[in-house]
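Colleague: 3D model of this:
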Amino acid sequence: MMKKYITQGSMLEELTRPVPGCWINLESPTLEECAAIAQDYNVDLADVRAALDDEESSRVDVSNDYTLILFDIPSVEYRHEREAYTTIPLGIILAENVLVTVCAESTPVLKAFLENTVKEFSTKKQMRFIYQIFLRSCMLYQSYLRIVDRKRKEIESHIGEDTEELELIDLHELESNLVYFDTSLRANKVVLDRLMRYSRIKKYPEDQDLLEDVVVENQQAIEMTRIYRDIIQGTRELLSSVMDNRLNNAMKYLAAITIVMAIPTIISGIYGMNVDEKWMPFSDTPFGFAIICLIMLMICIVAIRVLKKRKML
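Modeller: Got it, this is the predicted structure:
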């Protein structure tokens, strides 16, 4: 889908045809729409469709006719019937006083601009528009990171209760989300460094503060990702230790029960041997069976007391 917009004053208006200073938004575009942009603005078709490839790396390409800026933005997906987070590429093309954004799906990063809720937003101030997109992306990263940490706290609060393998899987999913975020944020940092360094990309003094805010917010998102990832690793190790400890206690308890139950089994096995009755103690004694059972019970009680003293029961 391809739509064209331009800001008039403080309002965002949709256009039927492109004009200088407009914003062309390609959302899940068809091959024909990409080819039309490539032909109208002398852009390589592969660069127009670069953002549609999930494996495309973040980069900045500056040519004589246009500039391509490709970076990763956060996205929500469903893995194993659970909500999870990943990253997808967002492409920005500056060509002939027109800004083109290309993304494989609808994203909250651009939704705020479509709803005209971003302060000082203008499609005509293209570099400021690009910095604002970066800033919205960084803020969305931080928002999703806080949600990941909140989910981690919910799992951590249940560690004292019955812990299941499902919680370990959930922690692994959260850690996978942070791996995607960490990789993409570091790649975006390289893109921001190149934007600041490239002299062929126009820079305006009034946008310098905004660019510095973007760099700070991106670095903060990187630090949040690193901290939350370390915490999740510690939580996962704690959860594994708790489960191993419970298993050890169960095995220790079963071993103690086996020891206690082995005592009557051994004694009854001895008395069940095929030997002359006169050689078996209490064989001719009145209430001999009851006496033997009482002796077995006393030995079992002594064994239980010894095991409790050694904290095996």
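Colleague: could you list the low-pLDDT ranges of the chain?
Modeller: In the prediction, the chain carries residues with pLDDT under 70 at positions 80, 160-165, 198-204, 274, 276-279, 313.
Colleague: can you map out the strands along it?
Modeller: Using DSSP state E, the strands of the chain run over 2-8, 11-15, 23-27, 59-62, 66-79, 82-95, 98-103.
Colleague: quick check: closest non-adjacent residue to the one residue sitting closest to the centre of the chain.
Modeller: Nearest residue to the geometric centre of the chain (C-alpha atoms, centre = their mean): Asn177, 1.8 Å. Spatial nearest neighbour of Asn177, chain neighbours left out: Tyr85 (4.3 Å); criterion: C-beta to C-beta, 6 or more residues apart in numbering. In short, each C-beta sits where N, CA and C put it, glycine included.
Colleague: I'd assumed Arg146 was in contact with that neighbour.
Modeller: No. At 11.6 Å, Tyr85 does not count as touching Arg146 under the criterion of C-beta atoms under 8 Å.
Colleague: looking at those two, which one has more neighbours?
Modeller: Between Tyr85 and Arg146, Tyr85 has the larger neighbour count (other C-beta atoms under 10 Å), namely 21 against 12.
Colleague: where exactly do the helices run in the stretch 51-200 of the chain?
Modeller: Taking DSSP state H, counting those that start in this stretch as the test, the helices found in the stretch 51-200 of the chain are 108-114, 126-157, 165-197.
Colleague: excluding its backbone neighbours, what's nearest Ile295?
Modeller: Ile267 (7.7 Å).
Colleague: ok, Ala221 next?
Modeller: Ala221's closest residue in space is Tyr141 (C-beta to C-beta, 6+ apart), at 4.3 Å.
Colleague: what of Ser75?
Modeller: Per C-beta to C-beta, 6+ apart, closest to Ser75 is Ile88, 4.6 Å.
Colleague: hey, what's the one you found bridged with?
Modeller: On the basis of DSSP bridges, Ile88 takes part in beta bridges with Ile73.
Colleague: repeat that for the one 4 residues further on.
Modeller: Ile92 has these beta-bridge partners by DSSP bridges: Ile69, Thr101.
Colleague: could you measure from it over to Asn25?
Modeller: Between Ile92 and Asn25 the distance is 11 Å, computed by C-beta to C-beta, to the nearest Å.
Colleague: spit out the residues that contact these two alike.
Modeller: Listed contacts common to Ile92 and Asn25 are 100-101; contacts here mean C-beta atoms under 8 Å, 6 or more residues apart in numbering.
Colleague: dump the residue contacts of Ser240.
Modeller: Per C-beta under 8 Å, 6+ apart, neighbours of Ser240: Leu168.
Colleague: please determine how far it is located from Leu171.
Modeller: Distance from Ser240 to Leu171, by C-beta to C-beta: 9 Å.
Colleague: same check on Leu297?
Modeller: With the distance defined as C-beta to C-beta, Leu297 ends up 48 Å from Leu171.
Colleague: now swap in Glu81 and tell me
Modeller: The span separating Glu81 from Leu171 equals 17 Å under the rule C-beta to C-beta.
Colleague: looking at the two, which one has more neighbours?
Modeller: Between Glu81 and Leu171, Leu171 has the larger neighbour count (other C-beta under 10 Å), namely 21 against 5.
Colleague: now stretch 294-313, how far from the chain's geometric center?
Modeller: What separates the centre of stretch 294-313 from the centre of its chain is 51 Å, taken as C-alpha atoms, centre = their mean, to the nearest Å.
Colleague: what's around Thr16, how many residues?
Modeller: Going by other C-beta under 10 Å, the residues that sit close to Thr16 add up to 6.
Colleague: list the contacts of it.
Modeller: With contacts defined as C-beta under 8 Å, 6+ apart, the neighbours of Thr16 are Lys4.
Colleague: contacts for stretch 118-136, please.
Modeller: Contacts of stretch 118-136 with the rest of the structure, by C-beta under 8 Å, 6+ apart, involve 5-7, 12, 21-23, 69, 71, 90, 92, 94, 97, 99, 101, 108-110, 112-113, 188, 192, 195, 201-204, 206-207, 210-211, 213-214, 217-218.
Colleague: and Asn97, how many residues sit next to it?
Modeller: Residues within reach of Asn97, counting by other C-beta under 10 Å, total 13.
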